[in-house]
Each structure stands twice: as structure tokens, then as C-alpha cells.
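Trainee: I'd like to go over a predicted model; first the sequence, then the structure.
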Amino acid sequence: MSNDAKIDYGFKVVLIGDSAVGKSQLLARFTKNEFNADSKATIGVEFQTKTLVIDQKMVKAQIWDTAGQERYRAVTSAYYRGAVGAMLVYDMTKRPTFDHMSRWLEELRGHADKNIVIMLIGNKCDLTSLRAVPVEDAQEFAERENLCFMETSALESTNVESAFLTALTEIYRIISKKSLSAEGDNGKSGSLKGTAILVPNQEENTNTGGAQQGGCC
């Protein structure tokens, strides 16, 4: 799967949100199926790639992670450039990280393409007894802003793959439609319905107390 010659699409996805909400852990869980309890704060920018198949097409996702601290904000424009997807991450045990989502979303929309696919992620849903952000609050925000929404646990691997796959499949649906359009093939967008291979394992994760998907753009 590492043979780039076979890649049909390459998508850049950015992870944004406050420091210590688990962005790096989500990235490690999705790309390498790893979780490091002692991971240090990300300094600067790093990215990982993962190649997967969507609708019989080989898709390479390049997922960028940056520090949430204010002093690294200088990377913004380069960080967002070319991104077709964004994972907006908060810690569901820390209310301020959710309250800052509006600011992160405003910054994202100020720098990114207007058609960017955005997934709101409430991470650390394994810590149910420490919940500080009701699912309803996040769902309401996601619906108002037209975002997808899921709760995840990088620690327990709950919904991590589902969240990324949902976003990547939505990106694929939009980009492949554009390709068809560019070829003067507008009338065939219905043939893309085969992309509904989304979220292969969400059913088994429904016991996480509200890990649900909102409407995607």
C-alpha cells in the first residue's frame, strides 16, 4: 500500500484545537494504531500519512498536527494551505476546550477553502464520569455550523477510525464530484453513492454515551 504510483487521490487534513485535547493521540491511533500515555506536547508541526481504499480508489491521507499553544500560531497560513479536511478536537472533560471551538472554527474558515470538510470531535469519551460537555451541546454546535460530529477515545480506540473515515469519505465524495464535473460529466454524481461504505464499526461503539455523527456538509 506504500506504492505512491497507485495513489488516485491525496488529501491533506489538519487537526486543530487546544493543547492537550488528544490531537496527537488521535493521529497516532488512526495512522499507527498506537497510544502513548506519556506523549509530550507537539512542538511546531508534524504529519503522518495513511493510505486507504474508498470506493475502489486508493486514497492517501496526509494528516497534519500542530501545537495548540498560542505561541505557535505563526504557522497558520502554511498549515491550512491546501487542506481539504479538518478535525476540530476538544476534550469532553474540559469545558473551555469546547468553548474555544468557535474561535478555532473562525480561524480555520479564515484560512481554509470554503468547501473544506470539518469534523467536530469530542475526545476522551472513555472518561464518562468526568464529562464537562454534554453531547447535546456539541450536537447543537455541529448542526448550527454544519459540521460532522463524533465522540472518540484515542485510549480505547473508540470511533477514531470511524471519525477519520467519515471525513475522508465525505472529502472523496466532494472531490470526485468535482473531477466528474471537470470532465463535463455532471449528470453522474449519483453514481458516487457507492461511497456509503462509511463507518464500518460504529454500531459496536454505541455504548460510549452519544458518539454520534451530525450532518455533514
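Mentor: Thanks, I have the structure now.
Trainee: Only the buried residues of the worst-scoring helix or strand of the chain on mean pLDDT, if you could.
Mentor: Using mean pLDDT, DSSP states H and E, the weakest-scoring helix or strand in the chain turns out to be helix 76-80, at a mean of 81. Within helix 76-80, the residues that count as buried by 16 or more other C-beta atoms under 10 Å are 79-80. In this view, the C-beta of every residue, glycine as well, is placed from N, C-alpha and C.
Trainee: That helix: what's the following helix or strand?
Mentor: strand 85-91 (DSSP states H and E).
Trainee: packing partners for that next one?
Mentor: strand 9-16, helix 23-32, helix 95-99, helix 101-111, strand 117-123, helix 160-182 (3 or more C-beta pairs under 8 Å, 6 or more residues apart in numbering; DSSP states H and E).
Trainee: what about 7 Å?
Mentor: Secondary-structure packing of strand 85-91 (3 or more C-beta pairs under 7 Å, 6 or more residues apart in numbering; DSSP states H and E): strand 9-16, helix 95-99, helix 101-111, strand 117-123, helix 160-182.
Trainee: For Asn36, which non-adjacent residue is closest in space?
Mentor: Computed as C-beta to C-beta, 6 or more residues apart in numbering, the closest residue to Asn36 that is not its neighbour in sequence is Ala28, at 6.6 Å.
Trainee: The one you found: neighbouring residues, count only.
Mentor: 19 (other C-beta atoms under 10 Å).
Trainee: Tell me where the model's unsure across the chain.
Mentor: 1-5, 42-44, 67-75, 181-217 (pLDDT under 70).
Trainee: Report the central residue of it.
Mentor: The residue lying closest to the centre of the chain (C-alpha atoms, centre = their mean) is Met87, at 3.2 Å.
Trainee: in the sheet, who's paired with that one?
Mentor: As for beta bridges, Met87 partners with Leu15, Met119 under DSSP bridges.
Trainee: circling back to that earlier point, tell me which of the helices and strands packed on strand 85-91 sits nearest to Lys23.
Mentor: Minimum separation from Lys23 across the helices and strands packed on strand 85-91 (C-beta to C-beta) falls at strand 9-16, 4.3 Å.
Trainee: my guess is the residue nearest to the centre of the chain contacts Gly122, does it?
Mentor: No. In this structure, Met87 is not within contact of Gly122 by C-beta atoms under 7 Å, at 11.4 Å.
Trainee: Can you list the neighbours in contact with the least confident helix or strand of the chain?
Mentor: 14, 45, 64, 66, 107-108, 111-112 (C-beta atoms under 7 Å, 6 or more residues apart in numbering).
Trainee: can you check stretch 100-120 too?
Mentor: By C-beta under 7 Å, 6+ apart, the list of residues contacting stretch 100-120 reads 16-18, 76-77, 80, 83-88, 90, 138, 141-142, 145, 147-150, 163, 166-167, 170-171, 174, 216-217.
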